[in-house]
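J.: my questions concern the predicted model and sequence given below.
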Amino acid sequence: MSTTTAPNTERLDAGSALHTVRRGLRLSPELRRGLTVTVLLALVATAGRVVVPIAVQQTIDNGLGIGAGTTAVDLPLVVRAVLWASLAVLVTALSTGAMNIRLATAVETALANLRVRTFGHIHDLSMLHQASEHRGNLVARVTSDVDEVSRFMQRGGLNLLTASAQLVVAAVVMLVYSWRLTIVVLVLFVPFVLAAKWFQGRLTVAYTDVRERLGILLGRLAEVVVGAPVIRAYGIEHSIQERLDDAIEDHTDAALRAGRLSALFSGTGESFSGAATAAVVVAGVVFVGLGAETPGTVVAMLFLISLFVEPVQIAAETVNEGQTAVAGWRRVLDVLDVAPDVADPGEDGLVLDDAPVGVTFTSVGFRYPRPGETAREASSPTVLEDITVSIPPEQHVAVVGETGSGKTTFAKLLTRLMDPSTGTVEVQGRPIDRVAFGSLRRHVVMVPQEGALFAGTVRDNLLQGEPDATSDQLWSALDDLGLADWVASLPDGLDTPVGDRGGALSAGERQLVALARAYVADPRLLVLDEATSAVDPATEVRLRRALDGLTRGRTTVTIAHRLSTAQSSQRVLVFDHGRLVEDGHHDDLVAAGGVYADLYDSWEAGTAGRAPTG
C-alpha cells in the first residue's frame, strides 16, 4: 500500500496555468526579447500555407472553363498560380527555419539563466529551509522541471506559436471565402473550447501531481544511493525497498491518471476535426447546389478547414507537454517565491577589514522557525536565550555543553548560517546582517566535524579556499600545517582523486584536506566543530598539528566535544539549556564547581574508565 504523502492540491489549484506562464515570462526576459519578430515570422510562414488553397480555388473556378461537355484551360493563369504557390512554399520554409532558430536560441538562453537563478536562490535559502525540504525535490526543480519547460518551449511551444498564427490566418481567409461555411465550423468549435477549458483545469492539477511525485521519488533514490552503507550494515534492504516501491507506485499512478486525461482530451480534438470536415463537405454540397458557393470555394474551404482544425489537433497533442511544463514551471517559481531569511545585503553591504575579527553577541535569542515563519517570527520553543558575550580578536575560545545545549546553534549564528530571533550579532563592530556575503565568507570560515569534499582531486578541493592559488602556494600552506609529507605520500600527490564526497579518503584524511582548505582561504575568524572526535591516534596527531598551524594568529571558536580541547583554550564558554551559564578559563571553571566542573568530572571519569565522583 502506498504511504507517500500526497501533494497539497489546494495549493496547486491556486494559480492558473496562464498566470504561471505570465510570471515565468516576466522572470525570463530572454523569452520576450525579439518575440515580435518571431511572431511575424510565424505569421509569414502561416500566410504562405494559405496561398496553396487560394491557388487551387483560382485554378478550379477561373483556370478551368467547364461547360457544354468541353473543358477549356487557361494555362497562363494555372502557371501563375503554381509559381505563386511554389514561391509561397519557399518563403514558408525559410520563415519556419528562421523562427525555429530564434526560438531555440531564446529558450536555451532563458532557461539556462533560470536554472542558474534557481540554483543560486536555493543556496541563498537558510540551512533550516534546505534541511526541511526533500533534497531530491530541490534537485528536480533545477534539473528535470526546467528540462520539461525547455522541451515544451522548443517543441510544443513552437507548435503552439505557429498553430495560433495559423488559426488566425485560416479563420480570416475562411471568412473572406465563405462566411456561411465558416459559421458552420465555428458552431462546432464552441463546444470544443468549453471541453478544452474543462480538461485544462484537471490536467494542470494532474501534471503538477506528477511533478511532485517525481520529486519525492528522486528524494527516495538519493537516500538509497547515499545511505547504501547504512542500509547494508543494518540489513534494512527490505524496508527501504518498500519505501522506494511506494514512491515509484505513487508516481506511476499519478502519471497514469494524467495520461488517461490527456488521451481523452486528444480524442476530443480528433472528434472535432472529423466533425468539422464532414460538416463542411455536407454544407458545401448544399450551398453549391443552391448556387451560393462555387466548387472551387468549397474545395479551397476543405484545404482551409484542415489548416483551421490542425491547430486544434496540435493543442490536443501538446497538452501533455504543456501541462507538464506548466507544472514544472510552477514548481520552479515556488522555489523563487521563498524569500531568503538570511539575505545578502549585496552591493549595499558593509565590507570587513583585513584584520583579526572580534565578535559580540548582545541579548541574542533564537527559536527555530516553523514553515512559513522567519527567524524573527518564530514561535517554537527557545533554543538560545539572552546570550550576551564578546570575543576579542585572536582569542581562542572553546564552546562546551551537553547535547542540545545550544552550542551548535551559537556557531551557526556566529557564521550567519542563520539569523537570531532577538538581539544582534556584530563582527568587527558591524552588524553581521549588514555585512556583504562575499566579505563575510572571505573573513569567516566554518569547518564542520565531517569535512565535506567535492568530487575531484586534493588540489581541486584546496583551490576552493582560494581559486587563484598556485601549486607553490598550496605546498607552502601544507608545509605550514605539517601536512606536506602526508600529501606527498598519496598516490598522485595534489592530483590524487578524492572520489565522490571524498569517499576515496578516510574520515580523518577528509578532515585534513578540509583544514588545509580553510588555511588556504586565510580567514580572520575560524569556527571549528571538533575535528578530532572520531579518528585514529596517528591521524589525531596530524590533525592537532594542523589545527595549531591553522588557528595561529586567528580568532578561533571551537565546538569542543572533547574537554581536552577546552583545557588548551584561552577561554571556555559553557552552555546549558540554551543559556550561557559560565565563562572563564578551564582551571577557574573547574575550581568553581559549577556546570563545567560536572562536565569535566564526567569526561575525565569516562576517559579513565571510572564512575564520576559528582
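T.: Cool, got the structure.
J.: low-confidence ranges, the stretch 201-350 of the chain, go.
T.: Residue ranges of the stretch 201-350 of the chain with pLDDT under 70: 226, 229, 233-234, 269, 313, 315-324, 338-341.
J.: in it, which spans are strands?
T.: Using DSSP state E, counting those that start in this stretch, no strands are found in the stretch 201-350 of the chain.
J.: next: the stretch 501-614 of the chain.
T.: Here the stretch 501-614 of the chain has its strands, by DSSP E, counting those that start in this stretch, at 525-529, 555-559, 571-576, 579-584.
J.: return the set of buried residues in the last one.
T.: Buried residues in strand 579-584, counted by 16 or more other CB atoms under 10 Å: 579-580, 582, 584. Heads up, the C-betas are built off the backbone N, CA and C, glycines and all.
J.: could these be laid out in JSON lines, adding pLDDT?
T.: Output for the buried residues of strand 579-584, formatted as JSON lines (pLDDT from 0 to 100):
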{"residue": "R579", "pLDDT": "92"}
{"residue": "L580", "pLDDT": "92"}
{"residue": "E582", "pLDDT": "91"}
{"residue": "G584", "pLDDT": "91"}
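J.: nearest to I432, of these?
T.: Closest approach between the buried residues of strand 579-584 and I432, by CB to CB: L580, at 17.9 Å.
J.: so what's the closest one up against?
T.: Neighbouring residues of L580 by CB atoms under 8 Å, 6 or more residues apart in numbering: 387-389, 573-574.
J.: and the buried residues of strand 579-584, which two are the farthest apart?
T.: That would be R579 and G584, which, of the buried residues of strand 579-584, are the farthest apart (CB to CB) at 15.5 Å.
J.: is it correct that F303 is in contact with A55?
T.: No: using CB atoms under 8 Å, F303 is not in contact with A55; the gap is 9.7 Å.
J.: what's the helix or strand L77 falls within packed up against?
T.: Assigned by DSSP states H and E, L77 belongs to helix 75-124. Where contact means 3 or more CB pairs under 8 Å, 6 or more residues apart in numbering; DSSP states H and E, helix 75-124 is packed against helix 29-32, helix 35-58, helix 135-142, helix 144-151, helix 157-177, helix 295-337.
J.: now the last one against helix 157-177, angle please.
T.: In this structure, helix 295-337 runs at an angle of 150 degrees to helix 157-177, with axes from the mean of the first three to the mean of the last three CA atoms, to 10 degrees as the basis.
J.: buried set for the helix or strand following helix 295-337?
T.: Counting by DSSP H and E, the next helix or strand C-terminal to helix 295-337 is strand 359-367. Under the neighbour-count criterion of 16+ other CB under 10 Å, strand 359-367 has 359-361, 364-367 buried.
J.: so how far is the helix of greatest length in the chain from its chain's centroid?
T.: The longest helix of the chain (DSSP state H) is helix 237-289. Centroid separation for helix 237-289 versus its chain: 30 Å, with CA atoms, centre = their mean, to the nearest Å.
J.: ok and that helix relative to helix 295-337, angle-wise?
T.: Using the same axes, to 10 degrees: helix 237-289 against helix 295-337 is 150 degrees.
J.: on contacts alone, who are the packing partners of helix 237-289?
T.: With 3+ CB pairs under 8 Å, 6+ apart as the test, helix 237-289 has helix 179-226, helix 295-337 packed against it.
J.: okay, those helices, which one's buried deepest?
T.: helix 295-337 (a mean of 22; mean count of other CB atoms under 10 Å).
J.: that one to helix 144-151, inter-axis angle?
T.: Using the same axes, to 10 degrees: helix 295-337 against helix 144-151 is 160 degrees.
J.: quick one on the thing from earlier: among the contacts of L580, which ones are buried?
T.: Buried members of these, counted by 16+ other CB under 10 Å: 387, 573-574.
J.: between those, which is nearest R257?
T.: Of the buried ones among the contacts of L580, the one sitting nearest to R257 (CB to CB) turns out to be I387, at 52.2 Å.
J.: wait, that closest one sits on G423?
T.: Yes: contact criterion CB under 8 Å: I387 and G423 qualify, at 7.2 Å.
J.: now do the same contact list for the residue nearest to M99 when sequence neighbours are not counted.
T.: Residue nearest to M99 in three dimensions, not counting chain neighbours: L41, with 4.1 Å by CB to CB, 6 or more residues apart in numbering. L41 makes contact with 95-96, 98-99, 102, according to CB under 8 Å, 6+ apart.
J.: give me that answer again for 7 Å
T.: If you count contacts by CB atoms under 7 Å, 6 or more residues apart in numbering, L41 has them with 95, 98-99.
J.: ok, then the element right after the helix or strand encompassing V425?
T.: In the assignment (DSSP H and E), V425 maps to strand 422-427. Where DSSP H and E defines the elements, the next helix or strand beyond strand 422-427 is strand 430-431.
J.: partners of that following strand, with directions?
T.: Under the criterion DSSP bridges, strand 430-431 sits next to strand 422-427 (antiparallel) in its sheet.
J.: got the angle for the partner strand vs strand 525-529?
T.: Using the same axes, to 10 degrees: strand 422-427 against strand 525-529 is 120 degrees.
J.: tell me which residues of strand 422-427 are tucked away?
T.: Residues of strand 422-427 classed as buried: 422-423, 425-427 (neighbour count, 16+ other CB under 10 Å).
J.: re earlier: any chance of a markdown table for the helices and strands packed on helix 237-289, columns distance to L414?
T.: Shown next, in a markdown table, are the helices and strands packed on helix 237-289 (distance: least, CB to CB, whole Å):
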| stretch | distance to L414 |
| --- | --- |
| helix 179-226 | 28 |
| helix 295-337 | 28 |
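J.: of the ones you listed, which is nearest S569?
T.: Nearest of the helices and strands packed on helix 237-289 to S569, taken as CB to CB: helix 179-226 at 34.7 Å.
J.: helices or strands next to the closest one in the packing?
T.: If contacts are counted by 3 or more CB pairs under 7 Å, 6 or more residues apart in numbering; DSSP states H and E, helix 179-226 sits against helix 9-13, helix 135-142, helix 237-289, helix 295-337.
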